[in-house]
Structures are given as structure tokens and as C-alpha cells.
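Undergrad: Output the structure for:
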Amino acid sequence: MKQRIADAHVHLEDVAEGKFRRPEKMLDAIASKGVTDLSLLAYMPFSDVVSNLRVLYWKKNYKKLRIRAFGSFHECDIYKDVPYEKQYEKLMDLGCDGIKFIQMKPDRRKVLGKGLNDPSYDKALSAIEEDGTPVTIHSGDPESFWDINCVEPWMIERGWFYGDGTYLSCEELYAEDFKMLDKHPKLSVTFAHFFFLSNKIDEAKRVMETYPNVKFDLTPGWEMYLGFSKNIDGWQRFFEDYSDRILFGTDSNDEKENIGDLYDLVYTALTHDKSEYEMPIWKHTVKGLALSDGAVKKICFDNYVRFVGKEPKPVNEKLLLETAEKMHSDIKDDENSAVCAKWLEEMLLK
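TA: Predicted coordinates:
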């Protein structure tokens with residue numbers, strides 16, 4: 001790749017049952033693509049009590065990339081009753097650079113029974129807003145996940161069919177997001193996966209014009225690039241007009257084997273001319289956005305630095321160890337937390 005890359009959206013997947021993975025292979029693959037900076041997003045709030053400590057550990061210990069750690073709030077574990085504003089303070093004290101919310105993904109929102117507009121989040125979001133701390137939010141999902149005639153069988157198996165009447169619609173999820181943004185208009189927020197608006201250019205424009213601190217990232221689902229291709233001229237103008245509010249992202253994680261292809265997919269979509277080509281993943285035929293060099297530079301790197309700041313915050317190693325020791329004591333006798341306890345023992349408490 002000719003352009004310096006910063007990836008705004010990388011995960012460590014939940015600790016696997018009976019074992020835990022080490023992400024060096026993933027991180028090495030990312031570094032090999034010329035990436036210099038990335039955000040490692042904690043993927044918590046339901047099953048991985050050590051998720052925040054894991055992203056902080058790798059931020060501190062992996063040296064080939066400049067890593068920012070985005071922490072997540074405990075929602076369904078032993079720390080769920082700690083007020084969100086107290087959780088936010090702790091994450092900042094530990095050395096997190098930002099906050100990740102996946103609470104607005106339809107299945108997570110259903111379990112929680114509340115959206116980010118709920119008053120229980122207000123104090124934390126006000127503090128985040130005041131501090132200028134960057135936030136990444138996953139809200140919604142592809143439109144096909146609500147349509148039984150379009151959703152694929154493997155998605156149903158993963159619990160990603162939302163059309164049975166028990167989930168909020170995408171429009172209802174967005175309405176909660178907008179209520180949250182109306183309460184916190186200065187919040188610096190990036191909506192992941194282009195806010196799932198690649199088939200709704202007018203709505204994408206409305207969001208950008210109404211909420212000047214909102215940004216979108218390009219973490220791919222195949223449907224995003226098909227949506228762009230249906231109106232490639234309109235989307236090219238959109239990307240140029242809002243080129244300072246779009247961030248490069250891949251949604252890479254330590255389970256995926258095709259890390260290099262993900263980077264090629266996103267970069268090619270930005271730089272390829274408007275003729276058709278085959279995506280390196282999923283093999284759909286799409287068109288490139290043919291963006292200007294200036295727009296590509298901003299999307300691939302400059303916007304990320306403006307979003308997260310020029311330098312990662314230092315990890316508070318003393319507090320990290322103290323937190324790990326307390327957590328280990330809290331979960332060591334819980335059979336369901338055995339893998340998390342093992343991770344603490346082998347990585348932080350050795």
C-alpha cells in the first residue's frame with residue numbers, strides 16, 4: 001500500500017472456552033501491511049470479564065504497532081453494578097485511550113433492555129464528552145438481518161436474525177442513538193461499519209449535517225461495498241465531501257485468517273477506479289470509489305490521529321497489576337470464569 005495506514009477498529013475475540021488465544025499472529029499480519037497505528041477494542045460487555053485488561057496488556061507489550069486501547073463497560077458480570085461513570089474513571093486511570101460500545105447491536109440491546117440514551121449512562125457520557133475521549137459505537141446491523149428471505153443460514157445460527165418481533169428495528173436503534181447524541185452533542189463518536197447506511201445516502205448526509213462530531217468507519221461487511229456500488233457517483237461525492245469524517249477500519253480479530261485481504265479490500269475500495277473488480281473477500285463484483293489522493297490520505301491516517309490523539313496514553317502498570325490481582329481473587333472460584341482466571345495467571349500475574 002502506498003499510503004500510511006491507521007486501523008480504527010481491531011478486536012480481540014472473547015476468551016475461547018477452555019483456552020485463550022495470543023494475538024501476535026494477527027498483530028504481525030497487520031504490521032506487515034504497513035499499518036503503524038491501530039485501536040484495539042475491548043469486546044466485553046457480556047462474557048469476557050478480562051477484556052479490558054487484555055487490550056491494555058497488548059497495548060503495553062506489543063511493540064511493532066502504536067496501539068490505542070478502547071475499554072468497554074461491564075454489563076453482565078460481577079462488576080455490572082459499578083456505576084458507568086466509575087467504570088469510565090477506572091478505564092481512564094488504567095490508560096485506556098477511548099471507549100467502545102457494542103450495546104446497540106440488536107442482540108446485545110435486547111439482552112440489556114436499554115439503549116445508550118438511558119439515564120444510567122448519562123453521567124459517564126457527560127464525562128466522556130467533557131474530556132473529549134473518543135468513542136466507537138456499533139449500532140444496528142445489515143438490513144438483511146431483519147429479513148428471513150435474505151439472511152443467510154449461518155447468520156441465523158449465530159443469533160443474527162432479528163425479524164421475529166422480539167428485537168428493535170434498525171430505525172428504533174437509530175432513534176435511541178440520536179436521542180443520546182442530542183443529549184451529548186459534543187461527543188466525539190465514530191459509528192462502526194459506516195452506521196450500516198451504504199444503501200441510504202440521504203440519511204448518511206443527514207446524520208453528517210445534523211451531528212458534526214459524528215464519524216463513520218469502514219469496517220467491512222460485503223453489503224457495504226455493494227451498497228456503494230449501486231450509486232458510485234453519489235458515494236464518491238459523499239466521501240470527498242466528508243473525507244475528514246471517515247476512518248479506515250477492518251474489524252480484524254484474532255480468529256480471522258484473512259487479515260491481509262481485509263486491508264486490501266478496504267484500501268482497494270477507496271483507490272480503485274469506478275470500473276468493476278472482484279473483492280478479495282466474498283468475491284462480489286463491486287466498483288471503486290476512485291477518491292483523490294488527499295481524501296485517501298485523510299481517511300487512511302490523518303482522521304484517525306485527530307480522533308484518538310497524536311500519542312497513546314501510557315498504561316498504568318501498577319494499577320493494571322492491582323486490578324488483575326483483585327479480579328483474580330473475585331473470579332478464581334467461579335467455574336464459568338476459569339479461562340479468564342487462567343489468562344490473568346499466565347499473562348499478568350506470572
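Undergrad: Give the full set of residues in contact with the residue nearest to Glu24 when sequence neighbours are not counted.
TA: Nearest residue to Glu24, sequence neighbours excluded (C-beta to C-beta, 6 or more residues apart in numbering): Tyr62, at 7.2 Å. For glycine as for every other residue, the C-beta is placed from the backbone atoms N, C-alpha and C. By C-beta atoms under 8 Å, 6 or more residues apart in numbering, the residues touching Tyr62 are 23-24, 27.
Undergrad: What are the buried residues along stretch 215-231?
TA: Residues of stretch 215-231 classed as buried: 215-221, 223-229 (neighbour count, 16 or more other C-beta atoms under 10 Å).
Undergrad: Can you find the helix or strand in this structure with the smallest mean pLDDT?
TA: Here the helix or strand of the chain ranked lowest by mean pLDDT, DSSP states H and E is helix 153-157, holding a mean of 84.
Undergrad: For whatever helix or strand comes next after that one, list every residue counted as buried.
TA: Where DSSP states H and E defines the elements, the next helix or strand beyond helix 153-157 is helix 170-183. Residues of helix 170-183 classed as buried: 170, 173-174, 176-177, 180-181, 183 (neighbour count, 16+ other C-beta under 10 Å).
Undergrad: Lowest-confidence member of the residues you listed, which is it?
TA: Across the set of these, Cys170 stands lowest in pLDDT, at 95.
Undergrad: wait, isn't that residue in contact with Leu197?
TA: No - the pair Cys170 / Leu197 is not scored as a contact, 9.8 Å apart, by C-beta atoms under 8 Å.
Undergrad: Which strands and helices lie in contact with the helix or strand containing Met26?
TA: Element membership of Met26, judged by DSSP H and E, is helix 24-32. If contacts are counted by 3 or more C-beta pairs under 8 Å, 6 or more residues apart in numbering; DSSP states H and E, helix 24-32 sits against strand 5-11, helix 259-271.
Undergrad: looking at those, which is buried most?
TA: strand 5-11 (a mean of 26; mean count of other C-beta atoms under 10 Å).
Undergrad: can you give me the helices in the stretch 1-150 of the chain?
TA: Counting by DSSP state H, counting those that start in this stretch, residue ranges of the helices within the stretch 1-150 of the chain are 24-32, 51-61, 84-94, 106-112, 122-131.
Undergrad: and Leu348, which of these is closest to it?
TA: Ranking the helices of the stretch 1-150 of the chain by proximity to Leu348 (C-beta to C-beta) places helix 51-61 first, at 6.4 Å.
Undergrad: starting at the chain centroid, how far to the closest one?
TA: 16 Å (C-alpha atoms, centre = their mean, to the nearest Å).
Undergrad: ok, now stretch 273-285?
TA: 24 Å.
Undergrad: Give me the buried positions along that stretch.
TA: For stretch 273-285, by 16+ other C-beta under 10 Å, it's Met279.
Undergrad: Same question for stretch 243-260.
TA: 243, 245-254, 256, 259.
Undergrad: Next step: those restricted to helices.
TA: Judged by DSSP state H, helices contain the following of the buried residues of stretch 243-260: Ile259.
Undergrad: Next step: the buried residues of stretch 243-260 restricted to strands.
TA: Among the buried residues of stretch 243-260, DSSP state E puts 246-247 in strands.
Undergrad: I'd like the buried residues of stretch 243-260 as TSV, with distance to Arg109 appended.
TA: Putting the buried residues of stretch 243-260 into TSV (distance: C-beta to C-beta, whole Å) gives the following:
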residue	distance to Arg109
Ser243	31
Arg245	25
Ile246	25
Leu247	23
Phe248	27
Gly249	21
Thr250	24
Asp251	19
Ser252	24
Asn253	21
Asp254	25
Lys256	25
Ile259	29
